[in-house]
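Asker: I would like the atomic coordinates for the input below:
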Amino acid sequence: MTQKVFTRDELRKYNGKDGNPAYVAIDGTVYDVSNSPAWHNGEHHGHEAGYDLTDALYKDSPHKDRVLAKLPKVGNLTDAD
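Answerer: Next comes the predicted model:
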């Protein structure tokens, strides 16, 4: 199955609000956090779904990238907007 390629503008639509799924990008991979209880309403410890959270994950998160293996991958993030 071909992975979807998201621009940053497209990714912002997946913010977990108003019935939209909640996606986040980490290291160029887009993950679906919609079903994660930690991401209620597309928010998690002051961070919002719909964005590239690579820096936040490695700077702020105590679990770093260990949780990513449990999340569904839905695509890749391109550098183009």
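Asker: All the strands of the chain, in order from the start?
Answerer: 4-6, 23-26, 29-32, 43-44, 47-48, 73-77 (DSSP state E).
Asker: and the spatially closest residue to residue 17 that is not a sequence neighbour, how far is that from residue 79?
Answerer: Counting by Cβ to Cβ, 6 or more residues apart in numbering, residue 42 is the residue found nearest to residue 17 once chain neighbours are left out, at 5.4 Å. Backbone N, C-alpha and C define where each C-beta goes, glycine included. Remark: distance between residue 42 and residue 79 (Cβ to Cβ, to the nearest Å) = 23 Å.
Asker: Show me which of these two is the more surrounded one.
Answerer: For the pair residue 42 and residue 79, the greater number of neighbours falls to residue 42 (21 against 8), based on other Cβ atoms under 10 Å.
Asker: Spit out the contact partners of that one.
Answerer: 15-17, 20, 22, 48-50 (Cβ atoms under 8 Å, 6 or more residues apart in numbering).
Asker: those helices in the protein, which residues are they?
Answerer: Along the chain, the stretches classed as helices by DSSP state H are 8-12, 54-60.
Asker: and among those helices, the most buried is which?
Answerer: Mean neighbour count (mean count of other Cβ atoms under 10 Å) peaks for helix 8-12 among the helices of the chain, with a mean of 15.
Asker: neighbouring contacts of that helix?
Answerer: Contacts of helix 8-12 (Cβ under 8 Å, 6+ apart): 23, 25, 30, 50-52, 77, 81.
Asker: Closest to the centroid, which residue in the chain?
Answerer: When Cα atoms, centre = their mean is applied to the chain, the residue found nearest the centroid is residue 24 (0.8 Å).
Asker: That one: what's it in contact with?
Answerer: 30-31, 33, 47, 49-53.
Asker: can you pick the most crowded of the residues you listed?
Answerer: Neighbour max across these (other Cβ under 10 Å) = residue 49, 27 neighbours.
Asker: Tell me, what's the model's pLDDT at that one?
Answerer: Residue 49 is assigned 96 on the pLDDT scale.
Asker: which ones are touching it?
Answerer: Counting by Cβ under 8 Å, 6+ apart, residue 49 has contacts 14-16, 22-24, 33, 39, 42-43.
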